[in-house]
Structure formats: C-alpha cells, structure tokens
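*Asks:* quick one: sequence and predicted model below, then my questions.
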Amino acid sequence: MARADTGCVMTVDVGNTATRFGLFEMDADGEPRLLGTCELSTLQRATADEARIQTAQARTLLPPCEVDGTILSCVVPALTDIWRRALRSCGGARPLVVGPGLRTGVRMRYDDPSEVGPDRIADVVAARARWGAPAVVVDLGTTTNFEVVDAEGAFAGGIIAPGIALGARSLSEAAARLPAIELRAPERVVGRSTRAAMQSGVVLGEAARIDGLLDAVAREVGISYDPDGDAAATVVMTGEDAPAIAALLSHRVEVDETLTLRGLALLWRANRRS
C-alpha cells in the first residue's frame, strides 16, 4: 500500500453500465503500479455534485494516497464535462480527458479518429506497451469490442458487437417464454432445458463468435497467433467476464482485467507535462 504522502494518479473509466476507478503509483522508471480499483454504477443523468459524491466514495474504497492528477475516459458524451468538473475536486493538476488534443502516440488508420471511443484508445496504448505489436484486444463490456494493432503498431480498426450481458438480456426481454439466465457455461452444447440452451447460445456462442472473428482478423490483417510464426500477434482480453470467456476460447489469450485503467495511467504519464 502506498504511503499517504505518496503522489498517485487516479484513472476513471466511465462506461455505459459501470464506472471504474483505478489508483496508480508511478515507479522510479515512470511505469504505473496498480494500487487498487473499485467499480460503481454509472449514473446516466448524474449532476456534477453526484459525480463528486461517487468520486469521494471511490476514494474511501481505494488505498490512501495523495492524488497528483486524474485522467478520464468517458463513453457517454453527456457525462464527460460533468465528470471533468467533478474530478477537479481531487486536487492536483487539471483533469486530463481522453479525446482530441491528448497525445496518444498511436497512429490511427480509422477513417475518422474522433469516432474511436476513449476506452478503446486506452486499451490499445496499454496492450502495445506491454505486449508490443501486432496485438488484438477483446474488451468485454456493454459491447464486445475488438481493437486491432497492426505489425507497425498502428490502430488498424476494430469490431463492435453486442456484449454478452446485453445479448442475454435482449433474449429474455424480447421473448415472453425465455427467462433471465446466469451467465456461465453449461455442461454441454446441446441444452436439455431452456436455461441450459440459452446459456449455450449466449455464453458458448460468445466464445465461438470471438474465436471466429479472431481468425477473420488474422486473415484480413495478415497476422498470426502462432508465437513462433511471422507477425505473431498477442490476443489480450479485458473486462469483468474476461477470465471465464478466455477459458472457453481455442486461441491462447492473455487476460488483463485492468487493461483500460492501465492505459489511462500511461496516457496521463505521456501528457502530464502539458
């Protein structure tokens, strides 16, 4: 645990469903060392005061540390300025916000780079820093996002699909006879009950979809997942369901549930002087 007088950076990732906080201490080489994380529900119509209350609550759940700076990733545009104002209460320098004007060090091959979500940028920065290029990030959240880093280290583009929880909820809400289910893998592919059949379709179906898309990405981008082959790419999975889904894949996967928060800490380090 960091001493109370040790300077740290707080990273805040505001998603559609959950808001995650991370606290990092920079080591002697400037690398972020994770001290702790916590997660709260995203308030879709939050005021700046409510965001400040959530920030204060997060501070009580994280190790004691003097916050030197904060950085924000927010995928809900209406909440970006609200959270920017709320994070000013943490002290330190003006909060950084991932978006236009922030240095990322990542070359973008996207047709319109402003369309790329800030969490996706943070994922790419963290994956490239730790595993190099090429790499493919699979981020499991409200949506299932693929971020593709090509052999030159550029963001080549990606894939956005409905997330596993969203898919399960849509099934039970749209079909009167289908119940809500627990998101876990069934014992067999062919279910012998409605719940088991849904778990097969949702959970095993998600794993099959990811495996299939990873193969399609490799063919299109010209990469390989063979560690001994040319243009060998690392597959990195993040998100709350990452450990469970990674275990079902045929591909070798690195799991880092704090990837986005770590990427934000690296972006803060790269931009703090400005």
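*Replies:* In hand now; what should we look at? Numbering: from 1, shown residues only.

*Asks:* okay, now the unreliable bits of the chain?
*Replies:* For the chain, residues meeting the criterion pLDDT under 70 lie at 1-6, 91-92, 273-274.

*Asks:* and the helices in it?
*Replies:* Residue ranges of the helices in the chain, as given by DSSP state H, are 48-61, 77-87, 118-131, 164-174, 194-199, 205-221, 242-246, 259-271.

*Asks:* got TSV for these, with mean neighbour count too?
*Replies:* C-beta: built from backbone N, CA, C; applies to glycine. Supplementary listing: the helices of the chain in TSV, determined by neighbours: other CB atoms under 10 Å:
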stretch	mean neighbour count
helix 48-61	16
helix 77-87	18
helix 118-131	24
helix 164-174	16
helix 194-199	17
helix 205-221	17
helix 242-246	19
helix 259-271	25
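
*Asks:* which one, of those helices, ends up nearest to residue 228?
*Replies:* Taking CB to CB as the criterion, helix 205-221 is the member of the helices of the chain that comes nearest to residue 228, at 15.0 Å.

*Asks:* residue 34 and residue 231, how far apart?
*Replies:* Residue 34 sits 30 Å away from residue 231 when distances are taken as CB to CB, to the nearest Å.

*Asks:* could you do residue 171 as well?
*Replies:* In terms of CB to CB, residue 171 sits 38 Å off from residue 231.

*Asks:* correct me, but residue 265 touches residue 9?
*Replies:* Yes: between residue 265 and residue 9 a contact is recorded at 5.6 Å, counting by CB atoms under 8 Å.

*Asks:* name the residues contacting each of these two.
*Replies:* In the contact map built from CB atoms under 8 Å, 6 or more residues apart in numbering, the residues linked to both residue 265 and residue 9 are 24, 26, 32, 71.

*Asks:* and residue 238, how many residues sit next to it?
*Replies:* 27 (other CB atoms under 10 Å).

*Asks:* contacting residues for it?
*Replies:* Residue 238 makes contacts with 123, 137, 138, 139, 140, 255, 256, 257, 258, 259, 260, as judged by CB under 8 Å, 6+ apart.

*Asks:* how much space between the residue nearest to it when sequence neighbours are not counted and residue 73?
*Replies:* For residue 238, ignoring the flanking residues on the chain, the nearest one in space by CB to CB, 6 or more residues apart in numbering is residue 259 at 3.9 Å. In this structure, residue 259 and residue 73 are 12 Å apart, going by CB to CB.

*Asks:* got the phi/psi numbers for residue 105?
*Replies:* Recorded main-chain torsions at residue 105 are phi 70, psi 10, according to degrees, to the nearest 10.

*Asks:* verify the stated contact: it with residue 125.
*Replies:* Yes: under the criterion of CB under 8 Å, residue 105 is in contact with residue 125, at a separation of 7.2 Å.

*Asks:* what ranges do the strands span in the stretch 1-150 of the chain?
*Replies:* Using DSSP state E, counting those that start in this stretch, the strands assigned to the stretch 1-150 of the chain run over residues 7-14, 18-26, 32-41, 66-74, 96-97, 135-140, 143-149.

*Asks:* who wins for proximity to residue 183 among the ones you listed?
*Replies:* It is, among these and with distance given as CB to CB, strand 135-140, at 10.6 Å.

*Asks:* which helices and strands sit right next to the closest one?
*Replies:* Other elements packing on strand 135-140 under the criterion 3 or more CB pairs under 8 Å, 6 or more residues apart in numbering; DSSP states H and E are helix 118-131, strand 143-149, helix 205-221, strand 234-238, helix 242-246, helix 259-271.
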